[in-house]
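**Student:** Fold the stuff below for me.
(one chain, ligands or ions: 2)
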Amino acid sequence: MTTAPESIPQAPAEGERAVYDAVLLASFGGPEGQDDVIPFLRNVTAGRGIPDERLEEVATHYRANGGVSPINEQNRQLKSALEQELAERGIDVSMYWGNRNWGPYFTDTFRQMHDAGHRRVLVLVTSAYAGYSSNDQYLEDFERTLKDTGLEGELTLVKVRQFFYDKAFTHPNAEFLAAGVKDVRAQLEAGGKPEGRIKVLFVTHSIPTAVAERQGPARIKEIFGTDVYTAQHQALADHLMDSVEEAAGLDHQVVFQSRSGDPRTPWLEPDINDQIEEDADSYAGVVVMPFGFISDHMEVIWDLDTEAKETAEEHGLAFHRAPTTGVHPEFVSGLVDILGEYMLDAEGRPLAAGEQTVPGDWSDLTGDGGWGTPLEDPSA
Ligand SMILES: CC1=C(CCC(=O)O)c2cc3nc(cc4[nH]c(cc5[nH]c(cc1n2)c(C)c5CCC(=O)O)c(CCC(=O)O)c4C)C(CCC(=O)O)=C3C
Ligand SMILES: [Fe+2]
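**Tutor:** Numbers count the residues shown, from 1 in each chain. Ligands and ions are numbered 1, 2, ... in the order given. Predicted coordinates:
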């Protein structure tokens, strides 16, 4: 079992505990109609050497869904659920929403917040893990947006910590795992294979191995024997398997989806489809846990509900795709607890606190020597 002896979350840094007047929900963004699809994909891949054939292929995933990604509607729902939870707790703060790749863009949201008189903004990013795409790239976006809007020195932004190790994220996922195992057991029973072996596949977004290798700190690489991006997922997967009774004795593995970029550039493996194929002779069913994501956006519904499901069916495996945290009540209230670690009341006390459930020292999960050029095209 790969667990660190100490449990240390990332604490708010000096000066990050303050009185805030706005909370920004910061996300990826997605197209909302057929005409948006290609401009959106160009925004996502700007200057990063994703081949046109790959863009065309990804476009078909969106086109099959009317050119609409579910992600924006999911973020609207998360924003209103957070607003409701904040109001119920009497926390007086205005909520905003902005995206990296589609409207409402950060530039518009930043101006809107400033026009409304807000100066100290607490930022919640819709990614549970620390990594270049899920953390640092957002910080780069915020810096560029402050420059572009001339709001440097006017708006102060503080991004809250990652939360894959917090009850906000682990409790709903534990519930999903238990339900998934029960469902696959029921499917096997109904199919006359009650003794069939079940495997739990924990799936997350692949990233280039070179980007993963640049991330520190070294202590985590030593404990887990892998890169820090994978280690965060491994720690949560192990924790869920340990804490969910229904999953006792089952095999599990962290696998990856949605690789892109130049085919010659190595990305983290195995791909979920390859792993399902490899496991087909040894197992009767799979529980797929998309715990790399917080909502059922396009990458989840395409790569898992379409592709991975087909792969499993081709090989006669029972299949269950677990939900993502979405607007699960424990997720929403747990996120407000985490926001509350940073927000001080009139007496200078934090309004709330999250709770670390995955053991380990998860402080300071950044790129050790800088990220370099994370996604350079080897053919360039
Ligand atoms: C780690 C990670 C997360 C998880 C953390 C997080 O949640 O933030 C994530 C989330 C998402 N990725 C998404 C969509 C896309 N990602 C792409 C491309 C890429 N993702 C990468 C990494 C990640 N991505 C990387 C290293 C690339 C290569 C180029 C680049 O660095 O940009 C591309 C380009 C086309 C292609 O797939 O090649 C698209 C369309 C959507 C929206 C889905 C929707 O519309 O519902 C979401 C939430
Ligand atoms: Fe992505």
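
**Student:** Close to ligand 1: what parts of the stretch 101-250 of the chain are there?
**Tutor:** 127, 131, 133, 134, 205, 207 (C-beta under 6 Å from any ligand atom). All C-beta spots, glycine's among them, are computed from the backbone N, C-alpha and C.

**Student:** So how do I select the buried members of those residues in ChimeraX?
**Tutor:** The ChimeraX command for the buried members of these (criterion: 16 or more other C-beta atoms under 10 Å) is given here:
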select :127,131,133,134,205,207
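
**Student:** Show me what counts as buried in the helix or strand in which residue 184 is found.
**Tutor:** Residue 184 is part of helix 167-190 when elements are defined by DSSP states H and E. Of all the residues in helix 167-190, those buried under the rule 16+ other C-beta under 10 Å are 167-181, 183-185, 187-188.

**Student:** Figure out how far that helix is from the centre of its chain.
**Tutor:** 19 Å (C-alpha atoms, centre = their mean, to the nearest Å).

**Student:** by contact count, what packs against it?
**Tutor:** strand 198-205, helix 228-243, strand 285-289, strand 318-321, helix 329-342 (3 or more C-beta pairs under 8 Å, 6 or more residues apart in numbering; DSSP states H and E).

**Student:** As a markdown table, the ones you listed with mean pLDDT would be great.
**Tutor:** Output for those, formatted as a markdown table (pLDDT from 0 to 100):
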| stretch | mean pLDDT |
| --- | --- |
| strand 198-205 | 98 |
| helix 228-243 | 97 |
| strand 285-289 | 98 |
| strand 318-321 | 98 |
| helix 329-342 | 98 |
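
**Student:** So which of these has the densest surroundings on average?
**Tutor:** Highest mean neighbour count among the helices and strands packed on helix 167-190 (mean count of other C-beta atoms under 10 Å): strand 285-289, with a mean of 26.

**Student:** which ones among the residues of the stretch 101-250 of the chain next to ligand 1 are found in helices?
**Tutor:** Applying DSSP state H to these, no entry is found in helices.

**Student:** hang on, the earlier thing: relative to helix 329-342, how tilted is the helix holding residue 184?
**Tutor:** Put simply, helix 167-190 runs at 160 degrees to helix 329-342, going by axes from the mean of the first three to the mean of the last three C-alpha atoms, to 10 degrees.

**Student:** got the CA coordinates for helix 167-190 in PDB?
**Tutor:** The C-alpha trace of helix 167-190 is given here as PDB (Å, rounded to 0.1, in the frame of the first residue of the first chain):
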ATOM      1  CA  LYS A 167     -14.000  14.700   1.600                       C
ATOM      2  CA  ALA A 168     -15.700  17.000  -0.800                       C
ATOM      3  CA  PHE A 169     -14.400  14.800  -3.600                       C
ATOM      4  CA  THR A 170     -13.800  11.500  -1.900                       C
ATOM      5  CA  HIS A 171     -17.200  10.900  -0.200                       C
ATOM      6  CA  PRO A 172     -19.200  11.200  -3.400                       C
ATOM      7  CA  ASN A 173     -16.700   9.100  -5.300                       C
ATOM      8  CA  ALA A 174     -16.800   6.400  -2.600                       C
ATOM      9  CA  GLU A 175     -20.600   6.300  -3.000                       C
ATOM     10  CA  PHE A 176     -20.300   6.000  -6.800                       C
ATOM     11  CA  LEU A 177     -17.800   3.100  -6.400                       C
ATOM     12  CA  ALA A 178     -20.100   1.200  -4.100                       C
ATOM     13  CA  ALA A 179     -23.000   1.600  -6.400                       C
ATOM     14  CA  GLY A 180     -20.900   0.700  -9.500                       C
ATOM     15  CA  VAL A 181     -19.700  -2.600  -8.000                       C
ATOM     16  CA  LYS A 182     -23.300  -3.500  -7.000                       C
ATOM     17  CA  ASP A 183     -24.500  -2.800 -10.500                       C
ATOM     18  CA  VAL A 184     -21.900  -4.900 -12.200                       C
ATOM     19  CA  ARG A 185     -22.500  -7.800  -9.700                       C
ATOM     20  CA  ALA A 186     -26.200  -7.500 -10.500                       C
ATOM     21  CA  GLN A 187     -25.400  -7.600 -14.300                       C
ATOM     22  CA  LEU A 188     -23.300 -10.700 -13.900                       C
ATOM     23  CA  GLU A 189     -25.900 -12.400 -11.800                       C
ATOM     24  CA  ALA A 190     -28.600 -11.600 -14.400                       C
END
